[in-house]
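1. Predicted model follows, preceded by the sequence.
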Amino acid sequence: MKKMNKAISLALSCVVGVGLLSGCSGSGDTNTKKDASKNEKGEKVTISAMVQQSRYYDGLQAMIEKLEKEENIVVDVQVVPDAESLNMIKMKLNSGEAPDMIDYNIPAVYDIVDPASNFADLSNEAWVDNLLIPDNVKCKKDEKIYGFPFLSVPGTHGFTYNVDAFKKAGITKAPESWDEFLETCEKLKKAGITPIYIPKDSWVPQILMTDNFAKALGADKAQEYAEKLMNNEMKWTDIPEFAETIDKYLELFEKGYVNSNFTSATYDDAIAAVADGSAAMHFNGDFFAASVLEANPDANIDMFAMSMKDGVDVVTENMSSPGFVVYKDSKNLDTVKKVFDLWSTPEYADLYFKDRPGFPAFKDVNGGELPSYLQGINEKYIATGKVIPEWNFNVMDLNALCESSLYVYYVDAPAKGDKDGAAIMKQFQKDFEQYMKDQGAEAFN
């Protein structure tokens with residue numbers, strides 16, 4: 001796994017240098033409130049945490065249990081549905097009643113919620129020196145660290161597929177082109193197997209678009225176009241690759257290749273369907289494959305990368321790690337900092353990866369044996385440097401806007417059948433212009 005970390009670090013070195021964020025503002029306040037109740041005498045201390053349902057992993061639960069058993073620190077966990085997480089975070093912060101710890105993607109959350117105004121500055125914590133890629137979790141406007149990450153390289157995107165479902169439909173290998181992919185879907189459909197399972201959770205369908213936007217443009221052009229969009233030198237409707245990608249996504253629904261209960265299906269349903277083989281594929285980060293194996297350890301699964309554009313053969317990476325930010329006004333700040341100190345050590349962090357191998361954020365942590373479903377991806381792409389950042393990486397300042405509009409359109413369009421890719425981009429361009437004006441962007445006012 002350490003060799004794999006090095007390979008990914010090399011593959012992404014040119015990406016990390018570009019700079020992850022530009023949306024942070026304000027100045028951090030290091031004079032935070034002291035703990036109301038330290039457990040110096042061994043008394044029990046309780047801290048609160050909000051965790052997304054799909055990320056309340058067994059490994060995280062084991063870390064929490066270890067805290068209570070050995071440190072007398074109890075983590076009172078509020079598990080929330082993924083689709084409601086962002087709204088819950090904003091509501092809790094606005095009310096001044098946020099939990100001590102909040103689970104979200106680091107550093108993406110910095111562009112959704114102003115970190116300096118809401119989260120504790122963790123830049124000077126001892127564990128920061130042990131991060132493998134500290135730049136991956138910094139706010140690029142003020143160079144501060146407001147979040148505790150679990151992963152150095154969070155996830156490789158691709159289709160997780162049930163090998164036995166493929167075999168049942170007479171398919172002996174993964175498709176290597178978009179035309180082959182459509183042929184594979186047709187064979188699965190005729191065999192009575194749902195080719196692709198997509199839930200209604202708006203964060204899921206967008207991954208197929210952020211992946212293929214990047215692949216269609218290439219890393220350099222993606223960065224160039226993003227800068228022009230943000231400077232009002234180009235419109236979203238001026239980039240035909242976006243509409244073309246969305247149209248291919250909508251085509252999957254039109255051809256009946258997506259689960260018929262799309263408007264009501266949940267992310268957990270997607271995991272269960274691929275795990276039992278009633279659905280053959282799902283597009284997401286490789287963490288999805290780990291979840292499938294948690295649901296069914298006997299599932300025969302693998303992964304493959306796929307580009308909608310002919311001649312493009314790369315994978316994209318999600319640059320934000322699952323992790324925690326800390327409420328700036330937490331009365332238990334010292335205890336939370338102690339928790340993070342412990343969680344950064346192999347004694348605790350190894351538990352996180354025990355059943356979910358990955359790429360640890362910290363040195364000396366055992367990320368586990370490379371899972372079989374990642375071996376082909378690693379050999380063909382990661383080890384050879386054929387890795388580029390997803391499109392969202394280039395426009396992270398727009399996370400809040402995309403969450404509330406564009407990603408919702410991806411769910412509504414196939415459900416309502418009233419918009420194609422061009423119409424979605426036209427609507428989003430209007431949203432984008434208004435949003436940038438509201439933000440006071442000089443180029444839009």
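-> Cool, got the structure.

2. which sections of the protein are below the confidence cut-off?
-> Flagging of the chain using pLDDT under 70 yields the residue ranges 1-42.

3. can you give me the helices in the stretch 301-445 of the chain?
-> Per DSSP state H, counting those that start in this stretch, the stretch 301-445 of the chain carries helices over the ranges 333-343, 346-353, 372-377, 399-404, 406-416, 421-438.

4. Tell me which of those helices sits nearest to residue 234.
-> For the helices of the stretch 301-445 of the chain, proximity to residue 234 was assessed by C-beta to C-beta; helix 421-438 is nearest, at 10.3 Å. C-betas here are computed from N, CA, C, even on glycine.

5. which strands and helices sit next to that closest one?
-> helix 240-254, helix 399-404, helix 406-416 (3 or more C-beta pairs under 8 Å, 6 or more residues apart in numbering; DSSP states H and E).

6. mind putting the ones you listed in TSV, mean neighbour count included?
-> Listed next are the helices and strands packed on helix 421-438 as TSV, based on neighbours: other C-beta atoms under 10 Å:
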stretch	mean neighbour count
helix 240-254	18
helix 399-404	19
helix 406-416	18
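
7. re the thing from before, now render the helices of the stretch 301-445 of the chain as a markdown table, adding distance to residue 200.
-> Converted to a markdown table, the helices of the stretch 301-445 of the chain look like this (distance: least, C-beta to C-beta, whole Å):
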| stretch | distance to residue 200 |
| --- | --- |
| helix 333-343 | 33 |
| helix 346-353 | 29 |
| helix 372-377 | 25 |
| helix 399-404 | 15 |
| helix 406-416 | 6 |
| helix 421-438 | 17 |
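
8. Which of the ones you listed sits closest to residue 91?
-> Across those, closest to residue 91 is helix 399-404 (C-beta to C-beta), at 14.1 Å.

9. Check the offset of that closest one from the chain's centre.
-> Distance of helix 399-404 from the chain centroid (C-alpha atoms, centre = their mean, to the nearest Å) equals 14 Å.

10. which secondary structure elements does it contact?
-> On a contact count with 3+ C-beta pairs under 8 Å, 6+ apart, helix 399-404 meets helix 421-438.

11. neighbours of residue 132, just the number please.
-> 21 (other C-beta atoms under 10 Å).

12. can the helices and strands packed on helix 421-438 go into TSV with extra columns for distance to residue 185?
-> Below are these laid out as TSV (distance: least, C-beta to C-beta, whole Å):
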stretch	distance to residue 185
helix 240-254	7
helix 399-404	27
helix 406-416	15
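
13. What segments of the stretch 1-150 of the chain are helices?
-> For the stretch 1-150 of the chain, applying DSSP H, counting those that start in this stretch gives helices covering 2-16, 58-71, 82-95, 115-118.

14. Could I get the buried residue list for the last one?
-> Buried residues in helix 115-118, defined by neighbour count with 16 or more other C-beta atoms under 10 Å: 115-116, 118.

15. Please apply the same query to the third one.
-> If you call a residue buried by 16+ other C-beta under 10 Å, then helix 82-95 has these buried ones: 82-83, 85-86, 88-89, 92-93.

16. The second one now?
-> Within helix 58-71, the residues that qualify as buried are 59-60, 62-64, 66-67, 71, counting by 16+ other C-beta under 10 Å.

17. and these as CSV, adding distance to residue 308?
-> Formatted as CSV, those follow (distance: C-beta to C-beta, whole Å):
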residue, distance to residue 308
59, 34
60, 34
62, 39
63, 39
64, 41
66, 44
67, 45
71, 49
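
18. circling back: which one of the helices of the stretch 301-445 of the chain lies closest to residue 269?
-> helix 406-416 (14.7 Å).

19. between the closest one and helix 240-254, how many degrees?
-> 40 degrees (axes from the mean of the first three to the mean of the last three C-alpha atoms, to 10 degrees).

20. quick check: angle from helix 406-416 to helix 421-438?
-> Helix 406-416 runs at 150 degrees relative to helix 421-438, counting by the same axes, to 10 degrees.

21. Show residues contacting helix 406-416.
-> If you take C-beta atoms under 8 Å, 6 or more residues apart in numbering as the criterion, helix 406-416 is touched by 200, 202-203, 205-206, 209, 246, 249-250, 253, 258, 262-263, 419-420, 424, 427-428, 431.

22. try 7 Å this time
-> The contact list for helix 406-416 (C-beta atoms under 7 Å, 6 or more residues apart in numbering) reads 200, 202-203, 205-206, 209, 250, 253, 262-263, 419, 424, 427-428.

23. for stretch 224-233, same thing?
-> Residues contacting stretch 224-233 (C-beta under 7 Å, 6+ apart): 217, 234, 236, 239, 394-395, 397, 443-444.

24. and with 10 Å instead?
-> For stretch 224-233, the surrounding residues in contact (C-beta atoms under 10 Å, 6 or more residues apart in numbering) are 22, 213, 217-218, 234-236, 238-239, 241-242, 391-398, 429, 432-433, 436, 441-445.

25. Any of the residues you listed buried? List them.
-> 213, 217, 236, 239, 241-242, 391-398, 432, 436, 444.

26. Return the set of buried residues in the host helix or strand of residue 289.
-> Element membership for residue 289, per DSSP states H and E: helix 287-295. Using 16+ other C-beta under 10 Å as the test for burial, helix 287-295 gives 287-293.

27. Over to stretch 314-331?
-> Buried residues in stretch 314-331, counting neighbours by 16+ other C-beta under 10 Å, are found at 314-330.

28. And stretch 192-205, by the same measure?
-> For stretch 192-205, the buried set under the neighbour-count rule, 16+ other C-beta under 10 Å, comprises 193-205.

29. Next, format those as a markdown table and append distance to residue 183.
-> Below are these laid out as a markdown table (distance: C-beta to C-beta, whole Å):
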| residue | distance to residue 183 |
| --- | --- |
| 193 | 14 |
| 194 | 16 |
| 195 | 11 |
| 196 | 14 |
| 197 | 19 |
| 198 | 19 |
| 199 | 25 |
| 200 | 27 |
| 201 | 28 |
| 202 | 29 |
| 203 | 29 |
| 204 | 24 |
| 205 | 22 |
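
30. Which of those fall within helices?
-> Secondary structure defined by DSSP state H assigns residue 205 of the buried residues of stretch 192-205 to helices.
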